[in-house]
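Trainee: just need the structure, nothing else, for what follows:
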Amino acid sequence: MLHRRSVLAAGVLLAALPFAAHAQERPIRLLVGFPPGGGTDAIARLLAEALQASLGTPVIVDNRPGAGGQLAAQALKAAPPDGTTLFVSHDHTLSILPLVLKTPGFDATRDFVPVAGFATFANAFALSAGTPAASLPDYLAWVKQRGGQGNVGVPAPASVPEFLVKLLGQKHGVDLAAVPYRGSAPMVSDMLGEQIGAGVGSVPDLIVNHQHKKLRIVAVMGQQRQASLPDVPTFAELGISGFEDLPYYGVFAPAGTPAASLERLSSALAGVITQPGVRARLTELGLNVGLMTAPQLTARARAYEAAWARIIKAGGFQPQ
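Mentor: Residues are numbered from 1 along each chain as shown. The predicted structure is shown next:
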């Protein structure tokens with residue numbers, strides 16, 4: 001009888017092994033809230049390739065563009081908390097949308113848990129190649145001399161780039177209008193096609209075309225110049241204060257994801273961004289690469305949200 005039970009138990013265990021192996025090999029989805037071709041998409045695809053090699057598990061990028069990352073965040077909220085769905089996001093979706101939307105459809109502090117942060121970056125003001133200005137002050141003077149309106153592209157409505165455009169116009173008495181796009185890729189496409197003369201976006205969204213002289217980055221956020229753009233002044237250097245705090249990039253999981261899964265994923269991400277090739281490529285894309293633990297990422301996100309809450313409130317913006 002004992003022998004028969006042992007055989008049965010062994011049979012059950014062997015039958016279960018393929019299912020366990022199958023579960024272990026389920027691909028990891030990296031949700032991205034913006035279209036293919038933009039900076040966030042390029043970053044996510046680089047991380048996906050490196051994480052796949054590190055974890056030995058397929059890692060795929062799942063683009064859910066629209067509403068400034070809101071759709072991707074809602075998809076993360078609805079995903080099972082089993083460690084197979086992650087969200088690669090920057091500040092806009094998690095720190096800014098809750099300030100400008102009455103019902104974003106998610107609560108970042110309740111519905112998500114941070115895995116780790118991997119970089120900060122700067123937003124930048126850029127000019128299309130056909131705009132006859134060599135600097136930001138030149139551009140503002142050019143718009144004022146024309147007596148018309150300066151249209152400036154931004155990758156999402158009610159975003160830091162939009163508020164930046166509004167504050168620039170107010171500070172310098174220039175009629176600037178932010179033109180919202182559904183992501184940075186279509187905005188940059190219109191800049192390259194001379195459909196719009198200026199745009200504000202992240203350095204990762206703009207740097208490749210700046211390097212190829214297809215557009216010109218003329219100012220960046222931050223307390224100091226970006227290593228990838230040593231010749232480009234900060235807004236502070238140009239006498240425009242309030243844009244010193246840098247936004248962040250991080251990876252997030254649904255609330256309730258097991259601690260063991262979070263630890264495995266954060267360790268893998270920490271290892272990946274120290275790989276010379278990955279680190280060099282992220283730096284080339286305009287990121288300031290550096291690991292933030294889950295608590296550090298949470299603190300960073302809250303501080304950034306608090307800083308922009310003051311700016312948004314001072315500008316009189318009402319949540320929609």
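
Trainee: next up, the contacts around Trp142.
Mentor: 131-133 (CB atoms under 8 Å, 6 or more residues apart in numbering). C-beta coordinates here come from the backbone N, C-alpha and C atoms, glycine included.

Trainee: helices of the chain, residue ranges please.
Mentor: Along the chain, counting by DSSP state H, helices occupy 2-24, 39-55, 70-78, 91, 97-100, 108-111, 136-146, 160-172, 184-192, 203-211, 259-274, 276-284, 294-314.

Trainee: can those helices go into TSV with extra columns for mean pLDDT and distance to Arg225?
Mentor: Putting the helices of the chain into TSV (pLDDT from 0 to 100; distance: least, CB to CB, whole Å) gives the following:
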stretch	mean pLDDT	distance to Arg225
helix 2-24	42	46
helix 39-55	96	19
helix 70-78	97	31
helix 91	91	20
helix 97-100	92	28
helix 108-111	94	31
helix 136-146	94	14
helix 160-172	91	18
helix 184-192	94	22
helix 203-211	94	11
helix 259-274	97	22
helix 276-284	95	14
helix 294-314	89	20
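
Trainee: looking at the ones you listed, which is closest to Phe243?
Mentor: Closest to Phe243 of the helices of the chain, according to CB to CB: helix 160-172, at 6.6 Å.

Trainee: quick check: the residue nearest the centre of the chain vs Ala122, distance?
Mentor: Geometric centre of the chain, nearest residue: His90, 2.8 Å, by CA atoms, centre = their mean. Separation of His90 from Ala122 (CB to CB, to the nearest Å): 11 Å.

Trainee: picking that back up, check contacts around the residue nearest to the centre of the chain.
Mentor: 40, 121, 202, 247-250.

Trainee: ok, back up a step: closest one to Ala314 out of the contacts of Trp142, please.
Mentor: The shortest approach to Ala314 among the contacts of Trp142 belongs to Ala133, at 28.1 Å (CB to CB).

Trainee: do I have it right that the closest one meets Leu127?
Mentor: Yes. Judged on CB atoms under 8 Å, Ala133 makes contact with Leu127 at a distance of 5.9 Å.

Trainee: the two: who's more crowded?
Mentor: Comparing Ala133 with Leu127 by neighbour count (other CB atoms under 10 Å), the higher total belongs to Leu127, at 24 against 17.

Trainee: about what we covered before: check the helices of the chain for me and report the most buried one.
Mentor: Highest mean neighbour count among the helices of the chain (mean count of other CB atoms under 10 Å): helix 91, with a mean of 26.

Trainee: rewinding a little: pLDDT and distance to Leu94 added to the contacts of Trp142, as CSV?
Mentor: As requested, the contacts of Trp142 are exported to CSV (pLDDT from 0 to 100; distance: CB to CB, whole Å):
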residue, pLDDT, distance to Leu94
Thr131, 96, 33
Pro132, 94, 38
Ala133, 96, 34
